[in-house]
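> Build me a structure from this.
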Amino acid sequence: MKIVITGDTHVPQRATHIPQCILEAVADADLVIHTGDFNSKAAYEIFANRSKKLYAVRGNRDEGSVEDLLPQNLAFEIEGLRTTLLHGHTYGRPRPSRLVRELGSESDLIIYGHIHRPAVVHFQGCTLINPGSPTDPRGSDPSYISASVNNGTIDAKIICFPIN
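So this is what the prediction gives:
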């Protein structure tokens, strides 16, 4: 299963468009996961229309119709991996240790955004993934995560690309 994990796209507040490499990866993926902060219903619809399957939550910069459309947290399974998806803003600057302490008993995989810095961390039996931001990175190049799940294990890679 090919998975693309992204978030903090911030269109139109901080960016005018979603980068082409993200759109291509989304169209090719079996599952797309978005950690919130689309910023507009139009940006959400781009992902919804191009994805075979989309799991998404709202972020702290999603207002109005996007906020009404999406939950704040979402729990689901990916090939047996108990997964929690959240934006992360309710945890301030979310740290893996705190997320595992609060969500790890019910999750094998925690996917979050908000801090705009990509990370794949294995901590106390849990995998934590932050895709960074493809449009407004902080301390890194623009990024997203390319992942696959095999036999209950996720293999996640940070994909960085140049600013357009």
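> Kindly format the C-alpha coordinates of the helix-or-strand element of the chain with minimal mean pLDDT as CSV.
Least confident helix or strand, the chain: helix 64-69 with a mean of 90, by mean pLDDT, DSSP states H and E. The C-alpha coordinates for helix 64-69 follow below in CSV (Å, rounded to 0.1, in the frame of the first residue of the first chain):
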residue,chain,number,x,y,z
GLY,A,64,-15.5,27.9,8.4
SER,A,65,-16.4,25.1,6.0
VAL,A,66,-13.2,23.2,6.5
GLU,A,67,-13.5,23.3,10.3
ASP,A,68,-17.2,22.1,10.0
LEU,A,69,-16.2,19.3,7.5
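> which stretches of this protein form strands?
2-6, 31-34, 54-56, 73-78, 81-86, 109-111, 118-123, 126-131, 143-150, 153-160 (DSSP state E).
> right, so of the ones you listed, which gets closest to Pro19?
The stretch from these with the least distance to Pro19 (Cβ to Cβ) is strand 143-150; that distance is 8.9 Å. Using the backbone N, CA and C atoms, a C-beta is placed for each residue, glycine as well.
> average model confidence for that closest one?
Across strand 143-150, the average pLDDT comes to 97.
> What residues of that strand count as buried?
Ser143, Tyr144, Ile145, Ser146, Ala147, Val149 (16 or more other Cβ atoms under 10 Å).
> relative to strand 81-86, how tilted is it?
Comparing the axes of strand 143-150 and strand 81-86 via axes from the mean of the first three to the mean of the last three Cα atoms, to 10 degrees yields an angle of 160 degrees.
> Please tell me how far strand 143-150 is from the chain's geometric centre.
Distance of strand 143-150 from the chain centroid (Cα atoms, centre = their mean, to the nearest Å) equals 10 Å.
> what helices or strands is that strand leaning on?
On a contact count with 3 or more Cβ pairs under 8 Å, 6 or more residues apart in numbering; DSSP states H and E, strand 143-150 meets strand 2-6, helix 20-28, strand 118-123, strand 126-131, strand 153-160.
> Touching that strand from outside, list them.
1-6, 22, 25, 78-79, 81, 118, 120, 129, 131-134, 137, 154-161 (Cβ atoms under 8 Å, 6 or more residues apart in numbering).
> Would you agree Arg98 is in contact with Gly88?
No: in this structure, Arg98 is not within contact of Gly88 by Cβ atoms under 8 Å, at 10.0 Å.
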